[in-house]
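In: Below is the structure, and that's it, no one-letter string:
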């Protein structure tokens, strides 16, 4: 505690000022939005961005390093006026009734992550980096043939560069400004184990999965062959109300993070997350089935290889009126960059579909939207996609709708925002083909 206090004083985190009656004085974490803080923000890079950058680094044979920032949140400067009580046990003997006027951010403040992000952005901008418009936690450096990418996840950083000299130069500058710890070649990031092979990277969350199983007291359960029962759909009232909804929500949230490297459980996790507000025994049974499946496949993960191709290929499908309560459809997709799976999703559609063709067409629109974002991301990364994105769908009517501009009686009710697919098909940026289920 004494060392931390000295670090705060050395950093000039606050200055002592006399207390006045109109001051709103907080105790570190007891802040009120609109009074002690305005907007809050955490620099969290998107999972698809991480997988895309790692794929490009593998394609170009670039080294990938991991950095950690020491006391990251202490670097940010506050824009709000915040007064705080002096820390207990460290009151100034000369001014015991004074309060701390915060000049820099502090761990526990709601705006500390945003202040840190602004501080980091301003500094790397001076080094020549530009923050991506597709993902504001991605920073791109391009000067001649030199290229570098920085991925920021709160205070964890992934750095990859086109040459060792460029990487070393960036690391020297960052360490001089923020006091970085070089953790070496990327091996573990956000609880994800990264195994290097001669041809690529294997991403796995086995340790995290074991922690989930231990929390659920299912480390020695009988494994299941599939994560979900495909014969029946979960109803909102699947049996009696579950006695511990907080535990259900905690486990469902933990499984959501596991989908970072486990696309095979995305649909099953999405189905149980629909019932987090009011879980029943049937929903808990479905959750336990996912855990049993994870127990039998705990070493599964996702593999990223040195793929020679940079084409985008996507697959999409939907179940028409699959929800037994709302009759809404669920659509899903996966997108490949070359041979690498970089993005996937399973999501219930926001509106009812009057036909299977409409449900499938909405699924096509979702994956085209994602592929457009990925194309823009790759363009910012100076690795543009030259060919059209190929989208595979198993519904012939949906494929016809994607290229036919004529409005028919059966399709005139479909919202205009879905018909943007036709525009991209007409431009030649997207081609929708049939694939048998």
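Out: Noted; the coordinates are in hand. Note that the coordinates shown come from a computational prediction; the quantities given were computed from them, not determined experimentally.
In: residues in contact with residue 368?
Out: Listed by CB atoms under 8 Å, 6 or more residues apart in numbering, the contact set of residue 368 reads 314, 389, 391, 420-421, 424, 430. Every C-beta, even on glycine, is put in place using the N, C-alpha and C of the backbone.
In: Please repeat the previous calculation with a cut-off of 10 Å.
Out: The contact partners of residue 368, by CB atoms under 10 Å, 6 or more residues apart in numbering, come to 314, 316, 333, 389, 391, 402, 418, 420-425, 429-430, 432.
In: Please list only the buried members of these.
Out: 314, 316, 333, 389, 391, 402, 418, 421-422, 424-425, 429-430, 432 (16 or more other CB atoms under 10 Å).
In: Looking at those, which one is closest to residue 381?
Out: Checking the buried ones among the contacts of residue 368 against residue 381 by CB to CB gives residue 389 as the nearest, at 16.2 Å.
In: Phi, psi for the closest one please.
Out: Dihedral angles of residue 389 (phi, psi; degrees, to the nearest 10) stand at phi -70, psi 130.
In: so what's it up against?
Out: 311-314, 335, 367-368, 370-372, 374-375, 424, 429-432.
In: Give me the contacts around stretch 160-168.
Out: 53-54, 56-58, 60-65, 141-143, 145-151, 159, 169-171, 182, 186.
In: What residues sit buried inside it?
Out: 160-162, 166-167.
In: Just those residues: which are in strands?
Out: Using DSSP state E, 160-161 are the members of the buried residues of stretch 160-168 that sit in strands.
In: low-scoring stretches of the stretch 101-250 of the chain, by residue?
Out: The model of the stretch 101-250 of the chain has pLDDT under 70 over residues 107-108.
In: quick check, nearest of the buried residues of stretch 160-168 to residue 95?
Out: residue 167 (47.6 Å).
In: and for stretch 204-219, what are the contacting residues?
Out: Counting by CB under 10 Å, 6+ apart, 188, 190-195, 220-221, 247, 250-251, 254-255, 257-262, 287-288, 290-292, 294-295, 297-303 sit against stretch 204-219.
In: can you give me the helices in the stretch 251-400 of the chain?
Out: 266-273, 281-296, 356-380, 396-403 (DSSP state H, counting those that start in this stretch).
In: Dump those helices to CSV, plus distance to residue 226 and mean pLDDT.
Out: Shown next, in CSV, are the helices of the stretch 251-400 of the chain (distance: least, CB to CB, whole Å; pLDDT from 0 to 100):
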stretch, distance to residue 226, mean pLDDT
helix 266-273, 9, 96
helix 281-296, 6, 97
helix 356-380, 22, 95
helix 396-403, 27, 88
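In: Serialize these to CSV and add fields for distance to residue 135.
Out: Putting these into CSV (distance: least, CB to CB, whole Å) gives the following:
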stretch, distance to residue 135
helix 266-273, 20
helix 281-296, 29
helix 356-380, 7
helix 396-403, 27
